[in-house]
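Colleague: Below is the structure, and that's it, no one-letter string:
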């Protein structure tokens with residue numbers, strides 16, 4: 001029995017545990033961005049239902065959390081939006097949907113800057129190493145979440161942005177099939193069919209945003 005435990009690869013579990021805080025940050029701020037933009041555009045639904053909150057438990061979806069922690073792509077419990085409260089329902093929905101991925105990109109930019117600023121701490125102590133690793137992990141996971149969510153398959157945000165360019169009749173017909181999109185997404189993620197494509201997209205985006213890490217590094221050199 002002891003040999004079985006000794007032979008287990010604990011790195012997967014350790015890696016998942018180190019992803020908990022980054023995942024919660026990415027998912028929570030993503031959903032809050034949806035709710036905040038919706039509120040600014042006239043829909044108070046998220047606020048009225050207590051979802052305009054930085055409490056991660058308000059946005060927690062167990063399956064989406066597990067997928068995000070282990071696969072790097074996942075989702076939170078969607079913030080309730082009533083597009084009828086927008087002056088222009090389709091445009092308002094598109095802006096609200098785009099706010100989530102945009103927030104994740106901003107999180108990545110900030111984390112990359114902080115990584116460049118503080119990476120030297122990883123050379124000084126074990127605590128510094130974990131702190132800097134967590135910052136970089138948050139940058140990568142937030143960017144992964146942004147890329148994943150712009151896929152134009154309902155209920156992901158990309159579908160709501162894309163559908164805003166369709167006619168009213170086509171838009172509402174497609175939105176009726178939103179619940180089937182989750183099944184499609186689960187199949188694609190669990191089968192690994194989109195891993196390589198999304199991975200390349202995230203790597204490309206991270207390479208473009210790395211300039212912010214370099215900016216932080218230059219600033220860190222001044223101290």
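Modeller: Received it, and whenever you're ready, just let me know what you need. Everything numeric in this text was worked out from a predicted model, so none of it was measured.
Colleague: Break down the protein into its helices, ranges please.
Modeller: Secondary structure of the chain (DSSP state H): helices at 2-7, 11-18, 20-40, 45-48, 62-71, 89-118, 126-149, 157-163, 168-175, 178-191, 195-209, 211-220.
Colleague: Report the mean confidence score over the second one.
Modeller: Confidence over helix 11-18, taken as the mean pLDDT, stands at 61.
Colleague: ditto for the longest one
Modeller: The predicted model assigns helix 89-118 a mean pLDDT of 95.
Colleague: Identify the residues contacting the residue nearest to residue 92 when sequence neighbours are not counted.
Modeller: Ranked by Cβ to Cβ, 6 or more residues apart in numbering and with sequence neighbours excluded, the top spatial neighbour of residue 92 is residue 86, at 2.8 Å. Every C-beta, even on glycine, is put in place using the N, C-alpha and C of the backbone. Contact analysis of residue 86 by Cβ atoms under 8 Å, 6 or more residues apart in numbering lists 41, 42, 43, 92, 93.
Colleague: go with 10 Å
Modeller: Applying Cβ atoms under 10 Å, 6 or more residues apart in numbering to residue 86 gives the contacts 38, 41, 42, 43, 92, 93, 94, 95, 96.
Colleague: And the fifth one, how close does it get to residue 81?
Modeller: In other words, residue 92. To residue 81, residue 92 is 9 Å away according to Cβ to Cβ, to the nearest Å.
Colleague: Please apply the same query to the second one.
Modeller: As defined by Cβ to Cβ, residue 41 lies at a distance of 10 Å from residue 81.
Colleague: list the residues that contact both of these two?
Modeller: Counting by Cβ under 10 Å, 6+ apart, the shared contacts of residue 41 and residue 81 are 92, 93, 96.
Colleague: so where's this protein uncertain?
Modeller: When residues are selected by pLDDT under 70, those of the chain lie in 1-17, 69-74, 175, 177-179.
Colleague: So for it, the centremost residue is which one?
Modeller: By Cα atoms, centre = their mean, the chain has its centre lying nearest to residue 145, at 3.0 Å.
Colleague: and the helices of the chain as CSV, adding distance to residue 54?
Modeller: What follows is the helices of the chain, written out as CSV (distance: least, Cβ to Cβ, whole Å):
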stretch, distance to residue 54
helix 2-7, 39
helix 11-18, 21
helix 20-40, 6
helix 45-48, 13
helix 62-71, 16
helix 89-118, 12
helix 126-149, 15
helix 157-163, 20
helix 168-175, 29
helix 178-191, 26
helix 195-209, 24
helix 211-220, 24
